[in-house]
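**Student:** how does the following fold in three dimensions:
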Amino acid sequence: MSNQYVMHRGAARSERRRFTNPWLFPLEIGCYAGLFFGVIRWISYEMNFTRVLPGFLLDSFFSHDFLRSWWGISAGIACFIALSIVAALLYKVALGKFKGPWAGIFYGIGWWAVLFGLICPLLGMTPWMNKIGWNTIFTELSVMTVWGLFIGFSIAFEFTDEASREPMNA
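**Tutor:** From the prediction side, this is the model:
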């Protein structure tokens with residue numbers, strides 16, 4: 001008798017399916033991506049792999065002396081978290097149906113091209129590509145590519161992985 005109860009209770013649990021909120025999940029992914037890769041960018045700056053400050057997005061609002069301080073680095077990482085949240089939401093809307101890692105890789109490269117090739121130099125946040133140096137170019141391109149891969153593949157895996165939504169005993 002107790003075996004039937006356990007089997008019945010287990011069957012009820014396996015019939016429940018896990019549904020992910022399509023708007024809260026990208027917020028969470030963007031927050032983690034911004035925190036992790038913001039810290040990676042800061043470490044890259046401290047190790048002189050890049051000349052771009054971690055708070056480069058705040059360069060128009062604060063002095064370089066502040067952005068080099070602990071509070072400036074923290075504000076820069078927080079700003080990168082905000083950018084990552086926006087990027088994750090945009091990815092979900094525009095490319096959320098793509099499977100695999102390639103869309104995320106190209107998404108990160110696209111963000112790098114737009115930020116470091118167009119918007120930031122026009123606004124004076126970073127130097128132009130011909131003045132920035134090869135180490136900075138390769139470091140920022142690598143970090144932004146893996147950042148895009150993390151955002152894209154996390155969202156693609158969560159919303160296109162149908163095997164995890166199947167019942168356990170099907």
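**Student:** from residue 43, how far out is the residue nearest the centre of the chain?
**Tutor:** Centroid check for the chain by C-alpha atoms, centre = their mean gives residue 33 as the closest residue, at 3.6 Å. Going from residue 33 to residue 43 by C-beta to C-beta, to the nearest Å gives 16 Å. Quick note: C-beta positions are derived from backbone N, CA and C, even for glycine.
**Student:** which stretch of helix or strand covers the residue nearest to the centre of the chain?
**Tutor:** Assessed by DSSP states H and E, residue 33 sits inside helix 24-46.
**Student:** ditto for residue 94
**Tutor:** Going by DSSP H and E, residue 94 is part of helix 70-95.
**Student:** ok, now residue 156?
**Tutor:** helix 134-160.
**Student:** what are the buried residues along that helix?
**Tutor:** Within helix 134-160, the residues that count as buried by 16 or more other C-beta atoms under 10 Å are 136-137, 139-140, 142-156, 158-159.
**Student:** then stretch 49-68?
**Tutor:** Applying 16+ other C-beta under 10 Å to stretch 49-68 flags 49-59, 62, 67 as buried.
**Student:** go through those residues and name the one nearest residue 112.
**Tutor:** Nearest to residue 112 among the buried residues of stretch 49-68 is residue 52, at 11.3 Å by C-beta to C-beta.
**Student:** not counting its neighbours along the chain, what's nearest that closest one?
**Tutor:** residue 126 (5.5 Å; C-beta to C-beta, 6 or more residues apart in numbering).
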